[in-house]
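> Turn this into a model:
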Amino acid sequence: YYFEVSYGSVSIVGDVLNNIDPNTGRYEWLEADYNKSHYAALPNQNDDLIIEAIQKAEAAHQSNPEFKNPDDYYYICVLYAGPREGGSLWPHPTSVLGHRAYNHSEKWPGGDYPHFNHIGIHCHEFAHLLGLHDKYDPPVNVREYGLMGTGVYNGPLGRGECPAHITCSGKIDLGWITPTTITSNMHVQILPLETNSTNSVYKLEFDSYRYYLLENRQYTGFDLYLPGHGEWEEEGGLLIWYIQNTSTHKEELKEADNGQDIAGGDIFPGATDNTEFSGITEPSSNYDSDILGTTYENCASGISAKNINIAQALAPVEADIALNGWAGNIQPWRHLTWENEQYVIGSVKVFQNSSITILPSTVIKFSSGIRLTINGTLNADGTTFTSAGSNPGSGDWHGIVFDNADNNSYIKNSTVKYATYGIECIDCSP
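Residues are numbered from 1 along each chain as shown. Have a look, this model is predicted:
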């Protein structure tokens with residue numbers, strides 16, 4: 001598993017440290033000091049059994065140096081007999097006695113499948129030892145698409161026989177991939193994450209704390225049992241992750257079907273044939289921002305991905321990425337600078353204590369019926385405000401509305417074309 005998901009940079013070689021019974025040729029279980037009910041009654045993160053097992057293995061080595069020494073191994077898994085139970089027997093990572101270690105049960109829990117545990121939870125817990133965190137509870141939830149989410153259980157029986165790859169954010173954290181950061185409008189070809197450590201993840205930043213990660217996921221290798229397996233055409237496609245690194249960390253999937261739970265509906269274009277992601281689509285590329293206890297909804301990212309397509313399974317995902325398509329709110333204490341050519345594809349509202357500064361020679365193109373409302377500050381010098389229509393005419397877009405705006409706002413040396421009202425001022429004197 002790790003050799004595949006790390007693109008060959010990690011290869012795990014292990015040993016069983018227990019002694020071998022000379023009569024049967026089988027490994028001998030170490031016997032704990034108490035029965036399972038004792039350890040199951042201890043708190044979840046209690047390490048008594050793990051410490052006890054390592055110490056007993058060390059004692060076995062000291063009594064017979066031919067047996068393996070735990071001190072020769074940095075990573076250790078303590079496997080206990082029977083099905084999984086709770087308390088301190090619940091799988092968890094820890095650092096003890098100079099080792100990074102975790103515990104796990106020999107068998108799957110429950111009487112309906114009392115058989116050998118598959119690799120899923122082993123892979124998940126080992127990822128903790130590498131430094132990754134759980135990602136199965138909102139607002140950090142990678143669902144069945146990631147090993148650190150419920151993808152740990154992927155497989156034909158849903159018991160971790162074929163756990164999902166680590167999502168792109170985790171691979172970035174582990175240094176296995178470096179995302180390509182998009183800083184201007186461009187056409188991209190995103191290679192499958194499963195087999196490519198380069199050009200498989202693209203990063204779209206829209207402020208210091210928030211960004212999108214775009215990855216191409218395919219039904220292959222350990223990703224064979226991603227959601228939608230066996231239920232639709234399965235050519236894979238684009239996953240879009242929203243990442244927020246503020247006091248409230250978020251990692252959320254922007255589902256192409258906008259939460260309709262359609263098989264194959266999470267990916268773009270996917271089962272819903274959704275080929276566009278922007279501030280005016282569902283799902284939207286906009287976001288909610290929490291500032292000093294107030295939530296500002298539908299905050300404009302300016303980001304769009306259009307003409308999203310994939311020719312066939314295992315092929316690159318192609319898309320046209322733009323960073324200059326605006327719709328929604330400019331929340332307080334956000335200050336934007338617009339230059340070159342910008343598109344207002346949905347109505348934009350600039351809140352108080354926020355601003356847009358437009359550099360000279362910039363052209364702002366408005367979609368039909370759209371307005372720009374200023375409650376904060378707008379500074380424009382040498383700007384052309386015009387219609388985005390291919391055959392523009394009078395009244396194509398609404399206009400610019402200063403409504404209780406900062407009186408330091410100004411528009412000078414500029415042209416307003418094809419608007420219904422041009423410039424309106426309400427209770428202010430910009």
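> Output the below-cut-off pLDDT ranges for the stretch 201-350 of the chain.
Flagging of the stretch 201-350 of the chain using pLDDT under 70 yields the residue ranges 233.
> which residues does the closest residue in space to T377 that isn't next to it in sequence contact?
Nearest non-adjacent residue to T377, counting by C-beta to C-beta, 6 or more residues apart in numbering: S355, 3.8 Å away. Placement of C-beta: from N, CA and C, glycine included. Going by C-beta atoms under 8 Å, 6 or more residues apart in numbering, S355 touches I330, H335, L336, G376, T377, L378, N379, D406.
> Specify the beta-bridge partners of the third one.
Judged by DSSP bridges, the bridge partners of L336 are I356.
> who's in contact with it?
Applying C-beta under 8 Å, 6+ apart, the residues near L336 are I330, S355, I356, T357.
> And for the second one?
Contact criterion C-beta under 8 Å, 6+ apart gives S354, S355, I356, T357 as the residues in contact with H335.
> What is the neighbour count of the last one?
Using other C-beta atoms under 10 Å, T357 has 15 neighbouring residues.
> pLDDT score assigned to it?
With respect to pLDDT, T357 scores 98.
> same deal with the one 4 residues further on?
Predicted confidence (pLDDT) at S361: the value is 98.
> you'd agree it is up against G382?
Yes - contact criterion C-beta atoms under 8 Å: S361 and G382 qualify, at 5.7 Å.
> The closest residue to N18 other than its chain neighbours: how many residues sit nearby?
Counting by C-beta to C-beta, 6+ apart, Y27 is the residue found nearest to N18 once chain neighbours are left out, at 4.3 Å. When counting by other C-beta under 10 Å, one arrives at 12 neighbours for Y27.
> ok, now S197?
Using other C-beta under 10 Å: S197 sits among 16 other residues.
> Tell me which two in the contacts of S355 are the farthest apart.
L336 and D406 (14.6 Å; C-beta to C-beta).
> Of the contacts of S355, which belong to helices?
Per DSSP state H, helices hold no members of the contacts of S355.
> Y219 and G264 touch, don't they?
No - at 9.9 Å, Y219 does not count as touching G264 under the criterion of C-beta under 8 Å.
> Now do the shared contacts for those two.
Residues touching both Y219 and G264 (C-beta under 8 Å, 6+ apart): G228, E234.
> Which residue of these two possesses the greater neighbour count?
G264 (23 against 20).
> Which helix or strand contains that one?
Following DSSP states H and E, there is no helix or strand that holds G264.
> Separate out the buried members of the contacts of S355.
I330, L336, G376, T377, L378, N379, D406 (16 or more other C-beta atoms under 10 Å).
> From the residues you listed, pick the one nearest V201.
Nearest to V201 among the buried ones among the contacts of S355: L336, at 26.0 Å, using C-beta to C-beta.
> which residues does R334 contact?
Contacts of R334 (C-beta under 8 Å, 6+ apart): D207, C299, S354.
> of those, buried ones?
Buried members of those, scored by 16+ other C-beta under 10 Å, are C299, S354.
> ranges for the strands of the stretch 301-430 of the chain?
304-310, 317-322, 325-330, 335-338, 341-350, 355-358, 363-366, 371-374, 377-381, 384-387, 397-403, 410-412, 415-416, 419-426 (DSSP state E, counting those that start in this stretch).
> G86: which of these is closest?
That would be, of these and by C-beta to C-beta, strand 317-322, which comes in at 41.9 Å.
> So for the closest one, what gets flagged as buried?
For strand 317-322, a neighbour-count test (16+ other C-beta under 10 Å) marks V317, E318, A319, I321, A322 as buried.
> Run a quick neighbour tally on the residue lying closest to I240 once chain neighbours are set aside.
Among residues not flanking I240 along the chain, K254 sits closest, at 4.3 Å (C-beta to C-beta, 6+ apart). Per other C-beta under 10 Å, the neighbour tally for K254 reads 22.
> and the gap between K254 and T180?
Distance, K254 to T180, using C-beta to C-beta, to the nearest Å: 19 Å.
> now I308
The gap separating I308 from T180 is 17 Å, by C-beta to C-beta.
> neighbour-wise, which of these two wins?
I308 (26 against 16).
> can I assume that one is in contact with E276?
Yes - between I308 and E276 there is a contact under C-beta under 8 Å: 6.9 Å.
> what's near enough to touch S284?
Contacts of S284 (C-beta under 8 Å, 6+ apart): S278, N298, G328.
> coming back round to it: hmm, the residue nearest to N18 is touching A57, no?
No - using C-beta under 8 Å, Y27 makes no contact with A57, being 11.4 Å away.
> circling back: and the contacts of H335 as TSV, adding distance to N391?
As requested, these are exported to TSV (distance: C-beta to C-beta, whole Å):
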residue	distance to N391
S354	34
S355	33
I356	28
T357	31
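> so which of those residues comes closest to N23?
The nearest member of the contacts of H335 to N23, counting by C-beta to C-beta, is S354 at 78.0 Å.
> Nearest residue to the closest one in space, please, no chain neighbours.
Nearest non-adjacent residue to S354, counting by C-beta to C-beta, 6+ apart: G376, 4.3 Å away.
> Tell me who's in contact with that neighbour.
I330, P332, V350, F351, Q352, N353, S354, S355, A405, D406 are the contacts of G376 under C-beta under 8 Å, 6+ apart.
> who does the residue nearest the centre of the chain bridge with?
Nearest to the mean C-alpha position of the chain, counting by C-alpha atoms, centre = their mean, stands W241 at 4.0 Å. Per DSSP bridges, the residues bridged to W241 are L213, L253.
> From V142, how far off is it?
Counting by C-beta to C-beta, the gap from W241 to V142 is 8 Å.
> Now the common contact residues for these two.
Listed as contacting both W241 and V142 by C-beta under 8 Å, 6+ apart are T167, E251, L253.
> if we look at the helix or strand hosting the second one, which residues are touching it?
Per DSSP H and E, E251 falls inside strand 249-253. The set of residues that contact strand 249-253 without belonging to it, under C-beta under 8 Å, 6+ apart, is 135, 138-143, 145, 169, 239-244, 266.
> can you check stretch 149-158 too?
Against stretch 149-158 from outside (C-beta under 8 Å, 6+ apart): 113, 118, 120-121, 123-124, 135-136, 141-145, 159-165, 167, 225-226.
> run the last query once more with 6 Å
120, 124, 135-136, 142-145, 160-164, 225 (C-beta atoms under 6 Å, 6 or more residues apart in numbering).
> Just flag the most distant two among these.
For the contacts of stretch 149-158, the farthest-apart pair by C-beta to C-beta is K135 and E161; their separation is 20.5 Å.
> about what we covered before: give me every residue that touches the residue nearest to I240.
I240, Y242, P283.
> Ranking by neighbours, what's the top pick from those?
Among the contacts of K254, the one with the most neighbours (other C-beta under 10 Å) is I240, at 24 neighbours.
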